[in-house]
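**Student:** My questions concern the predicted model and sequence given below.
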Amino acid sequence: MDQLIKVIIPAYNEQDSIANVINDIPKIVNEVIVISNNSTDNTEVNAKNAGATVLTETRKGYGFACLKGMEYISKQETKPTIIVFLDGDYSDYPEQLTELIHPILHDNIDFVIGSRVKDTRESGSMTPQQVFGNWLATFLMKLFFGAKYTDLGPFRAIKHDKLLALNMVDKTYGWTVEMQLKALKQKLSYVEIPVKYRNRIGVSKVSGTVKGSIFAGIKILGWIFKYSFK
């Protein structure tokens, strides 16, 4: 059976990086979907010129953008086998997508997370608050749910039908942790693979600001505690 693979990329003012991201995505991908989340620069034009399908989502939030991409896919006649989520800032290495989907294609794993391990990430590519936040969130998930996660990495692949069954709802910063918690609750098979990570092009909209870091932290911890008492 042919595998249909689609990539969802939320993007907010990523004009300098988005074409690099799209161009480095392996050709096995059937469609790259960029969701411009209130971009005021040339993100949309540059993404279109690089061959992506471009959607717009005016409600600001990472989750809003991801949900917009999923809604678009839901209206297509032929459904994909695998959905890959990837950031638009060129901090991930899109060519590693083949490694990310390998466990799904060959071992029938449901969900794969690219883990930004210390040995493979560039110095300074993750802020101290990101490193601490990731450690705390994954530690709590291990404590409460016996999870084996080490990262909330945005570069991830999941079977499309399993993604739909998660019934994702988070509109902002909690998207990644919601997916990981619901995957545990629904007993999806999952693995992490180490991925390389470099300093992003431009300034982070979340970890680059104190306000963003605090709101992200509150949202992530909120999801974990909500699920620990269910």
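**Tutor:** Nice, thanks for sending it over. Residues are numbered from 1 along each chain as shown.

**Student:** How is the residue nearest in space to the middle of the chain assigned, secondary-structure-wise?
**Tutor:** Using C-alpha atoms, centre = their mean, the residue of the chain that lies closest to the mean C-alpha position is residue 154, 3.1 Å off. Secondary structure assignment for residue 154 (DSSP: H, G, I helix; E, B strand; the rest coil): coil.

**Student:** Now do it against residue 173, distance only.
**Tutor:** Residue 154 sits 11 Å away from residue 173 when distances are taken as C-beta to C-beta, to the nearest Å. From N, CA and C alone the C-beta is placed, and that goes for glycine too.

**Student:** same check, this time on residue 101
**Tutor:** When C-beta to C-beta is the yardstick, residue 101 and residue 173 sit 26 Å from each other.

**Student:** Also residue 188?
**Tutor:** Separation of residue 188 from residue 173 (C-beta to C-beta): 22 Å.

**Student:** Who has more neighbours out of those two?
**Tutor:** residue 173 (23 against 19; other C-beta atoms under 10 Å).

**Student:** is it fair to say that one lies in a strand?
**Tutor:** No - Residue 173 is assigned coil when assessed by three-state DSSP, not a strand.

**Student:** That one and residue 221 touch, don't they?
**Tutor:** No - with the criterion set as C-beta atoms under 8 Å, residue 173 and residue 221 do not qualify as a contacting pair; they are 10.8 Å apart.

**Student:** by contact count, what packs against the helix or strand in which residue 71 is found?
**Tutor:** Under the criterion DSSP states H and E, the helix or strand holding residue 71 is helix 62-74. Contacting helix 62-74 under the criterion 3 or more C-beta pairs under 8 Å, 6 or more residues apart in numbering; DSSP states H and E are the following elements: strand 5-11, strand 31-36, strand 53-56, strand 82-85, helix 160-166, helix 175-185.

**Student:** Now do the nearest residue to residue 12 once chain neighbours are set aside against residue 197, distance only.
**Tutor:** Excluding its sequence neighbours, the residue lying closest to residue 12 (C-beta to C-beta, 6 or more residues apart in numbering) is residue 37, at 4.5 Å. When distance is defined by C-beta to C-beta, residue 37 is 22 Å away from residue 197.

**Student:** swap in residue 50?
**Tutor:** Spatial separation of residue 50 from residue 197 under the definition C-beta to C-beta is 22 Å.

**Student:** How about residue 216?
**Tutor:** Between residue 216 and residue 197 the distance, using C-beta to C-beta, works out to 17 Å.
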